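Trainee: Got a predicted structure plus its sequence, pasted below:
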Amino acid sequence: MKFVIIGLSVTSSWGNGHATTYRALLKELKALGHDILFLEKDVPWYSPHRDMPAPGFCTLGLYKTNEELKADYTKQVAEADVVIVGSYV
């Protein structure tokens with residue numbers, strides 16, 4: 001299955017518990033053979049604190065604005081079997 005997850009952060013566990021939860025979930029989904037795109041807003045408080053800038057268990061998409069998110073990822077969202085939108089998005 002194709003998953004698209006729009007979440008707070010998977011690349012930086014600094015100051016939030018979202019990254020570690022997403023990492024565990026995505027690792028297991030990948031192990032089951034699913035294709036995962038994680039979309040994360042590139043914000044100045046996480047970008048200098050990325051402890052996992054290139055996760056091996058998903059494709060990472062960084063975007064700066066909601067307009068960029070829509071312009072760059074509409075097709076992937078439309079074609080996904082599952083779309084998850086996390087909190088603080």
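Mentor: Thanks, I have the structure now.

Trainee: Can you name the residues that contact residue 19?
Mentor: Contacts for residue 19 were tallied using C-beta atoms under 8 Å, 6 or more residues apart in numbering; they are 8-13, 52. Where C-beta positions appear, they are placed from N, C-alpha and C, glycine not excepted.

Trainee: Under a three-state scheme, what state does it occupy?
Mentor: Assigned with DSSP: H, G, I helix; E, B strand; the rest coil, residue 19 falls in the helix class.

Trainee: nearest spatial neighbour of it, skipping sequence neighbours?
Mentor: Among residues not flanking residue 19 along the chain, residue 13 sits closest, at 4.0 Å (C-beta to C-beta, 6 or more residues apart in numbering).

Trainee: which SSE is that neighbour in?
Mentor: Counting by DSSP states H and E, no helix or strand carries residue 13.

Trainee: and if you look at residue 62?
Mentor: strand 59-63.

Trainee: Parallel or antiparallel, list what pairs with that strand.
Mentor: strand 35-41 (parallel) (DSSP bridges).

Trainee: Other residues contacting the partner strand?
Mentor: Against strand 35-41 from outside (C-beta under 8 Å, 6+ apart): 1-11, 22, 26, 29-30, 46, 55, 57-64, 69, 73, 76, 80, 89.

Trainee: So which of those residues sit within strands?
Mentor: 2-7, 59-63 (DSSP state E).

Trainee: Now the buried members of the residues you listed.
Mentor: The neighbour count (16 or more other C-beta atoms under 10 Å) marks 3-7, 61-63 as buried among these.

Trainee: can the residues you listed go into JSON lines with extra columns for pLDDT and distance to residue 35?
Mentor: JSON lines is the format used below for those (pLDDT from 0 to 100; distance: C-beta to C-beta, whole Å):
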{"residue": "3", "pLDDT": "98", "distance to residue 35": "7"}
{"residue": "4", "pLDDT": "98", "distance to residue 35": "9"}
{"residue": "5", "pLDDT": "98", "distance to residue 35": "12"}
{"residue": "6", "pLDDT": "98", "distance to residue 35": "16"}
{"residue": "7", "pLDDT": "95", "distance to residue 35": "16"}
{"residue": "61", "pLDDT": "98", "distance to residue 35": "13"}
{"residue": "62", "pLDDT": "97", "distance to residue 35": "18"}
{"residue": "63", "pLDDT": "97", "distance to residue 35": "19"}
